[in-house]
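In: Model the structure of this input:
(2 chains)
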Amino acid sequence: MTLREIKELLQAEIIYGENQLEEEIELAGASDLMSDVLAFGQPGILLLTGLTNAQSVRTANISDVKAIVYVRGKKPDKEAIEIAKEKKIPIFSTKFMMYKACGLLYSHGLSGVSELNK
Amino acid sequence: MGNENKLSKNFEIEGRDFSKAGTASTKIKEILKEIGIDSSVVRRAAIAAYEAEMNVVMYANKGKLTLIITPEQIHLKLEDKGQGIKDIKLAMQEGFSTATDEMREMGFGAGMGLPNIKRNSDKFEISSTPGQGTSLNIIFYLNHKGKK
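Out: Coordinates of the predicted model:
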């Protein structure tokens, strides 16, 4: 699924990454706990999270997360946006809550990280 | 081995400075990528460095993280000054945590840090003196001995 399709499904606002919408995403994971992202994430995933501080983007960069969607209409703070720009990590904000955002993506064929480990 | 084959760099980490937390390991990841280390090793080393850095920020007064790269291995050496760890066996258990609310609000403190460092590394050593500090030696092999 491309980032463009993800953006449209989630009716998301692009905060950064307008030029990277054709990039493909094959797996997604959702967590507010960065410890879990570091422990269970896979390279190249889409991360859905409600954590909006700089650590959300630093964690994404360290663990090779390809793009981030902030749920519940949350917007990342200024420092987080700066790091995303520097590291070229596209970031979006959707007004949907975590459950609905994940459900929409999953029902349209975007698999979860745990399915890779099966 | 001669010094020409060794790259060494120190990073100072301030305890409780959440705003800068992760900058040392972000830099370490950049260095490893730049010198052309395999991307899966870069990712494992970056995650281990980040978890180690976050532990210093969350629990210690200050720490020094040293990156030593030779043709055979990447060595992350961490030494911190702080409260140390009373029971290392307990701290190595997934889910065991002494994190505060502030740490949890940052998205950390789930009790996954030390086990995750061990899991990502090829060799892991930890020692600690309560009231003084903790030392970690984290090794990633760059040859066939390394994890995939």
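
In: Run through the residues that contact B:L65.
Out: B:L65 sits next to B:10-11, B:13, B:24-25, B:28, B:49, B:52-53, B:56, B:76-78 when contact means CB atoms under 8 Å, 6 or more residues apart in numbering or on different chains. For the C-beta atoms, the positions are set from N, CA and C on the backbone; glycine is no exception.

In: Kindly reformat these as TSV containing neighbour count.
Out: Listed next are those as TSV, based on neighbours: other CB atoms under 10 Å in any protein chain shown:
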residue	neighbour count
B:N10	11
B:F11	19
B:I13	24
B:A24	25
B:S25	27
B:I28	25
B:A49	28
B:A52	25
B:E53	27
B:V56	30
B:L76	25
B:K77	18
B:L78	26
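
In: Only the buried residues of the longest helix along chain B, if you could.
Out: The helix spanning the most residues in chain B, taking DSSP state H as the definition, is helix B:39-59. By 16 or more other CB atoms under 10 Å in any protein chain shown, the buried positions in helix B:39-59 come out as B:41-59.

In: Equivalent analysis for stretch B:23-38, please.
Out: B:23-26, B:28-29, B:31-32, B:37.

In: rewinding a little: quick one: the longest helix of chain B near chain A?
Out: Yes - interface with chain A: helix B:39-59 contributes B:39-40, B:43, B:46-47, B:49-51 (CB under 8 Å from any CB of the partner chain).

In: Can you identify each of the helices in the chain by residue range?
Out: Since you didn't name a chain, this refers to chain A. Going by DSSP H, chain A shows helices at A:3-9, A:34-40, A:54-62, A:78-87, A:98-107, A:113-116.

In: other chain: chain B
Out: Ranges of helices in chain B, per DSSP H, are B:23-34, B:39-59, B:88-91, B:101-105, B:113-120.

In: and the second one, C-alpha only, in PDB?
Out: Looking back up the chat, that one is helix B:39-59. Taking C-alpha atoms only, helix B:39-59 is exported to PDB below (Å, rounded to 0.1, in the frame of the first residue of the first chain):
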ATOM      1  CA  SER B  39      21.800  -2.200   7.300                       C
ATOM      2  CA  SER B  40      20.600  -5.000   9.600                       C
ATOM      3  CA  VAL B  41      23.600  -4.600  11.800                       C
ATOM      4  CA  VAL B  42      23.200  -0.800  11.700                       C
ATOM      5  CA  ARG B  43      19.700  -1.200  12.900                       C
ATOM      6  CA  ARG B  44      20.600  -3.700  15.700                       C
ATOM      7  CA  ALA B  45      23.500  -1.500  16.900                       C
ATOM      8  CA  ALA B  46      21.400   1.700  16.800                       C
ATOM      9  CA  ILE B  47      18.500   0.100  18.800                       C
ATOM     10  CA  ALA B  48      21.000  -1.200  21.400                       C
ATOM     11  CA  ALA B  49      22.700   2.200  21.600                       C
ATOM     12  CA  TYR B  50      19.400   4.000  21.900                       C
ATOM     13  CA  GLU B  51      18.100   1.800  24.700                       C
ATOM     14  CA  ALA B  52      21.500   2.200  26.500                       C
ATOM     15  CA  GLU B  53      21.400   6.000  26.100                       C
ATOM     16  CA  MET B  54      17.800   6.100  27.300                       C
ATOM     17  CA  ASN B  55      18.700   4.100  30.400                       C
ATOM     18  CA  VAL B  56      21.400   6.700  31.300                       C
ATOM     19  CA  VAL B  57      19.000   9.600  30.700                       C
ATOM     20  CA  MET B  58      16.300   8.000  32.800                       C
ATOM     21  CA  TYR B  59      18.300   6.500  35.700                       C
END
